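Asker: One predicted model, sequence on top.
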Amino acid sequence: MNLQRAYYLLAAFYSLLPLIGLIAIFSGGGTPFAAAHLIVGALAVIGLWGYILKRGFMNPRMWQPLALVLAVMAVGQLLVIFTMPVSNVALTWMLTSSIFSVMLVIVLFHYGKRDQPLWATPQEADAAQQLTVLLDSASPLSAVHCEGEQENSVNVTKIGDHYHAKVIRRGRNGQETFERRFQHPETLVFFLEKFASVSVQDFRQPATS
């Protein structure tokens, strides 16, 4: 069995847990917090499949907060188990969810990192390939985008395996400068388009100082 197949089996096993929990609820074996456990667990399983398949599901900004929620729930349940008397049913729910939350917390935290190609749209992936070619032939690259009284100038360089972007935005209210580093060109393309309104086609123009 290769590693990828093992990941698929693991995700399939985690996918069964919400179903088992749902059956337990309808069988009268749930707790007052069982519905919340199932909802959070089902979302976590979606994130697990996304991580394994290397596909972006929903919004990347939701997964790390969800990992934090799972971690807080797991720690809280363990505290309840060791400090308060609980019924056998509640003990089973709490121990099971706490134990199986550990791996999901780690996976969802990594899955929620925005600097990954899996969160790129097809257009961003194509633009990233073009930008990589341009950086391989000439670095640094510069571009300017003007819109009304707003002027955005961008300087992009590749340093080792990282991409560095410096953005200067000038407008009626003054000037602001910020810099970012990325591991993947897809994230760089997303950043430039969102925060500087600069596309890869702008870098094909003569460099502007």
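Answerer: Yes, it's here.
Asker: Averaged pLDDT, stretch 34-46. What do you get?
Answerer: Across stretch 34-46, the average pLDDT comes to 86.
Asker: make that stretch 9-21, sorry
Answerer: Mean predicted confidence for stretch 9-21 is 88.
Asker: Let me see the domain layout of this protein.
Answerer: 3-113, 119-204 (automatic domain parsing).
Asker: I'd like the average pLDDT over the shortest one.
Answerer: Per-residue pLDDT values over domain 119-204 give a mean of 91.
Asker: Spell out the secondary structure type for the spatially most distant residue from the centre of the chain.
Answerer: Ranked by distance from the centre of the chain (Cα atoms, centre = their mean), the top residue is P85, with 38.1 Å. Secondary structure state of P85, per DSSP: H, G, I helix; E, B strand; the rest coil, is coil.
Asker: and what of P65?
Answerer: P65 - assigned by three-state DSSP - is helix.
Asker: Report how many residues lie close to it.
Answerer: P65 has 11 neighbouring residues, counting by other Cβ atoms under 10 Å. In short, each C-beta sits where N, CA and C put it, glycine included.
Asker: From A196, how far off is T96?
Answerer: 48 Å (Cβ to Cβ, to the nearest Å).
Asker: Likewise for M58?
Answerer: For M58, the distance to A196 - Cβ to Cβ - is 26 Å.
Asker: now swap in N173 and tell me
Answerer: 17 Å.
Asker: Same drill for those two, tell me which one is more crowded.
Answerer: Between N173 and A196, counted using other Cβ under 10 Å, A196 has the larger neighbour count: 20 against 9.
Asker: Would you check that that one makes contact with R170?
Answerer: No: taking contact to mean Cβ atoms under 8 Å, the distance of 11.6 Å between A196 and R170 leaves them out of contact.
Asker: what residues are shared contacts of the two?
Answerer: Listed as contacting both A196 and R170 by Cβ atoms under 8 Å, 6 or more residues apart in numbering are N152.
Asker: How many residues are close by I23?
Answerer: 11.
Asker: Which elements pack onto the helix or strand where it lies?
Answerer: Using DSSP states H and E, I23 falls within helix 3-26. Helix 3-26 sits against helix 34-53, helix 88-111, with contacts defined as 3 or more Cβ pairs under 8 Å, 6 or more residues apart in numbering; DSSP states H and E.
Asker: among those, which is nearest L22?
Answerer: helix 34-53 (6.2 Å; Cβ to Cβ).
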